[in-house]
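Visitor: dropping the sequence and predicted coords here.
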Amino acid sequence: MVHFDHHSRMPKLSVIVPVYFNEANLPTTIPELQQTLAGIPDMDGELVFVDDGSGDASYALLKDAAATDPRIKVVRLSRNFGAHTALLAGVDHATGDCLAIIMADLQDPPELLRTMVEEWRRGSKLVIAARETREDRWIDRVFAGFFWWFIRRFALKDMPRGGFDYVLFDRAIADIVSRTRERNSHLMTFLLWTGFTPKIIPYVRRQRRAGTSRWTFSKKLKLFIDSAIAFSFVPVRAMSAVGLVTAVVGFVAAVVVVVDRILRGTPVQGWTSLMVVVLLVGGLQMLMMGVIGEYLWRTYDESRKRPSYVVSDTLNL
């Protein structure tokens, strides 16, 4: 249970909003979030917008809003570093006792923040708003369903079936995130990995009302690969299993061919089948090298100790 006596300050909520080409959304998003903060009783608040290298008028809109409301903090990154890194920047610059993450397109209802804060007040350090259904295209639903099934099956069994992008967490978890500085990862999955028992609040995600999503297939694929490597041993174990099966089958086939040649004098034939085997094994070897390369690249990327992001400008910070 979270307690605050009469001599202590009011707790503070930081709402982190990653922004990337959201000029069509921000005129609605900013006032809705301001109204949401005002409607949460006995709570200070701030809105931390992270402009992840937008090439439109997003930053100009944020600058105008920050000039009229000191609760609006803006972190502008020097280029597009990706969603995970933008959220890390938001966590680093947020000053709240609890932090929430919501997307700028407002497909997730801001009014749910009040319920999430109440759960935090009751002692939950991690409050997840889990999508019951998605009002998205069928192909997006299929991809998302497979992605979250994989995470639940091979990485974190407590992951909600529909995943989550909307979350509130305690300052203690935020400090863990800031200390870890993990690259090529997925912040939402990392929050669940910390081991705090989540409080799940179901809701229905709305359709995008304005603007165009920049969440492309290539970005989704990168997220899947990053999450599979960062939170699951399945890729390496799968390589070992396939290698073992291939080796056993090859050994048995070699024994059969040699014995048949010795006992019956059967001439060696089958150029086509030989080429099929060579190409199949070669393909498997290249695939395995690719998986190993993904691990090596991430190890190298971590070892360089470059900053996770570069800030070009801040407002009200």
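Guide: That came in fine, so what should we check first?
Visitor: list the helices and strands the helix or strand where Ala86 lies packs on?
Guide: Assigned by DSSP states H and E, Ala86 falls within helix 83-93. The contact analysis (3 or more C-beta pairs under 8 Å, 6 or more residues apart in numbering; DSSP states H and E) places helix 83-93 against strand 12-19, strand 44-51, strand 72-77, strand 98-101, helix 171-180, helix 187-193, helix 217-231. (C-beta placed from N, C-alpha, C; glycine too.)
Visitor: between these, which one is nearest to Tyr295?
Guide: In terms of C-beta to C-beta, the element of these nearest to Tyr295 is helix 217-231, at 6.4 Å.
Visitor: now the following helix or strand past the closest one, how far from the chain's geometric center?
Guide: The first helix or strand that comes after helix 217-231 along the chain, using DSSP H and E, is helix 234-264. The chain centre lies 39 Å from the centre of helix 234-264; the measure is C-alpha atoms, centre = their mean, to the nearest Å.
Visitor: and stretch 56-65, what's buried?
Guide: Across stretch 56-65, burial judged by 16 or more other C-beta atoms under 10 Å covers 58-59, 61-63, 65.
Visitor: about what we covered before: could the helices and strands packed on helix 83-93 be laid out in JSON lines, adding distance to Leu274, mean neighbour count and mean pLDDT?
Guide: Output for the helices and strands packed on helix 83-93, formatted as JSON lines (distance: least, C-beta to C-beta, whole Å; neighbours: other C-beta atoms under 10 Å; pLDDT from 0 to 100):
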{"stretch": "strand 12-19", "distance to Leu274": "54", "mean neighbour count": "24", "mean pLDDT": "96"}
{"stretch": "strand 44-51", "distance to Leu274": "57", "mean neighbour count": "25", "mean pLDDT": "96"}
{"stretch": "strand 72-77", "distance to Leu274": "54", "mean neighbour count": "23", "mean pLDDT": "96"}
{"stretch": "strand 98-101", "distance to Leu274": "55", "mean neighbour count": "26", "mean pLDDT": "96"}
{"stretch": "helix 171-180", "distance to Leu274": "50", "mean neighbour count": "15", "mean pLDDT": "92"}
{"stretch": "helix 187-193", "distance to Leu274": "45", "mean neighbour count": "21", "mean pLDDT": "85"}
{"stretch": "helix 217-231", "distance to Leu274": "34", "mean neighbour count": "16", "mean pLDDT": "64"}
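Visitor: of all the ones you listed, which one comes closest to Asp313?
Guide: Here strand 72-77 is closest among those (C-beta to C-beta), at 4.2 Å.
Visitor: now the angle from that closest one to helix 83-93?
Guide: 130 degrees (axes from the mean of the first three to the mean of the last three C-alpha atoms, to 10 degrees).
Visitor: point out the other helices and strands that strand 72-77 packs with.
Guide: Using 3+ C-beta pairs under 8 Å, 6+ apart, strand 72-77 sits against strand 44-51, helix 58-68, helix 83-93, strand 311-315.
Visitor: tell me how far the ends of stretch 168-187 are from each other?
Guide: Terminal residues of stretch 168-187 are spaced 12 Å apart (C-alpha to C-alpha, to the nearest Å).
Visitor: show residues contacting that stretch.
Guide: The contact list for stretch 168-187 (C-beta atoms under 8 Å, 6 or more residues apart in numbering) reads 84-85, 87-88, 91-92, 94, 96-101, 113, 116-117, 119-120, 125-127, 190-191, 194, 196, 223, 226-227, 229-231, 298, 301-302, 308.
Visitor: hang on, the earlier thing: so how far is the helix holding Ala86 from its chain's centroid?
Guide: The chain centre lies 11 Å from the centre of helix 83-93; the measure is C-alpha atoms, centre = their mean.
Visitor: how about the helices and strands packed on strand 72-77 in a markdown table, adding distance to Met10?
Guide: Output for the helices and strands packed on strand 72-77, formatted as a markdown table (distance: least, C-beta to C-beta, whole Å):
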| stretch | distance to Met10 |
| --- | --- |
| strand 44-51 | 5 |
| helix 58-68 | 22 |
| helix 83-93 | 20 |
| strand 311-315 | 23 |
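Visitor: among those, which is nearest Phe251?
Guide: For those, distance to Phe251 was read as C-beta to C-beta. The smallest value, 43.7 Å, belongs to helix 83-93.
Visitor: can you list the residues that contact that closest one?
Guide: Here helix 83-93 has contacts from 16-18, 20, 48, 50, 52, 73, 75, 77, 81, 99, 101, 174, 177-178, 181, 183-187, 219, 223, 226, 308-309, 311, 314, 317, using C-beta under 8 Å, 6+ apart.
Visitor: how about 6 Å then?
Guide: Residues from elsewhere that reach helix 83-93, judged by C-beta atoms under 6 Å, 6 or more residues apart in numbering: 16, 18, 48, 50, 52, 75, 174, 177-178, 185, 187, 308-309.
Visitor: all set now, cheers.
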